[in-house]
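Asks: using only what follows, build the 3D model:
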Amino acid sequence: MKRKWDISDEATIKKCLDEVIARVEEIDSDKVGVIAAQEIIDIVTENFGPEIYNKGVRDSKKLVQEKFHDLEVDLDLLEN
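Replies: As a prediction, the model looks like this:
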């Protein structure tokens with residue numbers, strides 16, 4: 001099943017899974033499978049994904065506003 005937060009880059013998926021598995025095994029000294037690691041990633045992504053995305057949109061909007069302001073100042077300096 002394809003979820004809206006799925007990542008198509010297999011290398012990124014594998015790296016993330018490997019890091020989750022290593023960290024859980026480091027904490028609990030128990031073996032963790034790929035399915036359990038994927039469920040952990042899904043839970044975190046589903047809950048934090050929209051907030052992270054919205055922060056990116058807000059940061060982009062702020063950057064565009066700053067660049068637009070700079071452009072206005074440059075245009076004002078061109079007036080006689």
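Asks: CA-only coordinates of stretch 66-80 in CSV, if you can.
Replies: Coordinates of each C-alpha in stretch 66-80 appear next as CSV, following Å, rounded to 0.1, in the frame of the first residue of the first chain:
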residue,chain,number,x,y,z
GLU,A,66,12.7,38.7,2.0
LYS,A,67,14.0,38.4,-1.6
PHE,A,68,10.9,40.4,-2.8
HIS,A,69,11.7,43.1,-0.3
ASP,A,70,15.3,43.2,-1.4
LEU,A,71,14.1,43.5,-5.0
GLU,A,72,11.8,46.4,-4.1
VAL,A,73,14.7,48.2,-2.4
ASP,A,74,16.9,47.7,-5.5
LEU,A,75,14.1,49.0,-7.8
ASP,A,76,13.6,52.0,-5.5
LEU,A,77,17.3,52.8,-5.8
LEU,A,78,17.0,52.9,-9.6
GLU,A,79,14.5,55.8,-9.5
ASN,A,80,15.8,59.3,-10.3
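Asks: would you mind measuring from Gly49 to Leu78?
Replies: Noted for Gly49: a distance of 44 Å to Leu78, by Cβ to Cβ, to the nearest Å. Placement of C-beta: from N, CA and C, glycine included.
Asks: equivalent analysis for Arg23, please.
Replies: 55 Å.
Asks: comparing these two, which residue is more hemmed in?
Replies: Taking neighbours as other Cβ atoms under 10 Å, Arg23 and Leu78 compare with Arg23 leading, 13 against 6.
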